[in-house]
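Student: Okay, sequence plus prediction incoming.
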Amino acid sequence: MSDIGDTDNTATNAHDRGESQPPAPSSDIADAFHLFRNYLDYKLVDLKADLASEQDNLSRKFKEEVGIKFKKEGNSIQYHFNDEILTGLHKIQKEGPSLDSPTNSIVSELITKVKARNKSIRIADSSAGGWTTVREYESNTIADNSDDEKKIRQAESRAVKSIKERTKPRPSPYNISNRASQIARPAETVPNPAYSKPYSRYSQPPQPFRAGYGRREPAQYDVSPV
């Protein structure tokens with residue numbers, strides 16, 4: 001009986017001193033479950049990020065293997081570089097809920113610009129007009145109901161025509177100036193040797209009688225002098 005009384009007195013004294021009692025077993029289980037759930041959520045986020053990264057890598061390799069064949073190496077390098085930038089921007093965009101509205105808007109705008117640039121690279125590489133076709137395509141104001149392929153064909157036609165006009169051979173300025181000077185310059189006259197000598201009646205050789213005008217024979221009606 002004394003032992004029981006001592007225990008009760010000890011608990012009462014501890015309570016009076018403000019000492020906390022040990023937590024109940026149910027509270028420990030709840031805390032452990034909460035920690036375990038947080039750990040699983042963290043691992044799931046990491047696993048999801050790894051899967052997304054692996055998917056992006058496989059997608060990029062697939063594009064490189066069966067993707068577009070470029071005619072010019074410079075266009076190929078620029079296109080694939082832009083494609084890597086585009087992949088990074090898509091990763092940032094996936095974090096949309098954690099980004100503020102202005103940042104998300106900037107990322108979306110950059111994605112649109114990079115896609116448009118890669119489209120221009122493909123048009124320039126596959127067109128006979130090159131980047132002239134791209135400039136014609138971007139400056140073209142066709143009705144909205146016109147399909148994109150039609151716009152590209154029309155832009156390429158104008159670009160090729162423009163290139164032909166620029167490369168058409170034209171007369172050089174040297175030939176034009178020479179021709180103009182020849183037209184404007186008066187023709188030079190060569191003096192006639194016959195007129196360059198002083199006139200003299202003795203210097204001329206005697207002229208023979210002209211044919212058909214010999215000496216006339218006297219006729220019967222000629223009157224003889226008295």
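Tutor: Arrived safely. Numbering: from 1, shown residues only.
Student: What is the end-to-end distance of stretch 134-150?
Tutor: End-to-end distance of stretch 134-150 (CA to CA, to the nearest Å): 14 Å.
Student: Quick one: mean pLDDT for it?
Tutor: The average of the pLDDT scores along stretch 134-150 is 69.
Student: how close does Arg135 sit to Gly129?
Tutor: 9 Å (CB to CB, to the nearest Å). All C-beta atoms are positioned from the backbone trio N, CA, C, and that covers glycine.
Student: more crowded one of these two?
Tutor: More neighbours surround Gly129 than the other of Arg135 and Gly129, with 22 against 17 (other CB atoms under 10 Å).
Student: Now for that one: which residues touch it?
Tutor: Counting by CB atoms under 8 Å, 6 or more residues apart in numbering, Gly129 makes contact with Glu136, Ala155, Glu156, Arg158, Ala159, Val160, Ser162, Ile163.
Student: and these, which are buried?
Tutor: Buried residues within those, counting neighbours by 16 or more other CB atoms under 10 Å: Glu136, Ala155, Glu156, Arg158, Ala159, Val160.
Student: ok, the fifth one touching Glu136?
Tutor: Yes: at 4.9 Å, Ala159 and Glu136 qualify as touching, with contact defined as CB atoms under 8 Å.
Student: Show me whatever sits in contact with both of Arg135 and Gly129.
Tutor: With CB under 8 Å, 6+ apart, Arg135 and Gly129 have common neighbours Ala159.
Student: sorry, back to before: which one of the contacts of Gly129 sits closest to Leu40?
Tutor: Leu40 lies nearest to Ala155 out of the contacts of Gly129, by CB to CB, at 55.5 Å.
Student: Which helix or which strand is home to the closest one?
Tutor: helix 148-167 (DSSP states H and E).
Student: So what touches that helix?
Tutor: With CB under 8 Å, 6+ apart, helix 148-167 has contacts from 123, 127-130, 132-137, 140, 142.
Student: ok, the residues you listed vs Asn38, which is closest?
Tutor: The closest of the contacts of helix 148-167, once distances to Asn38 are taken by CB to CB, is Ile123, at 51.1 Å.
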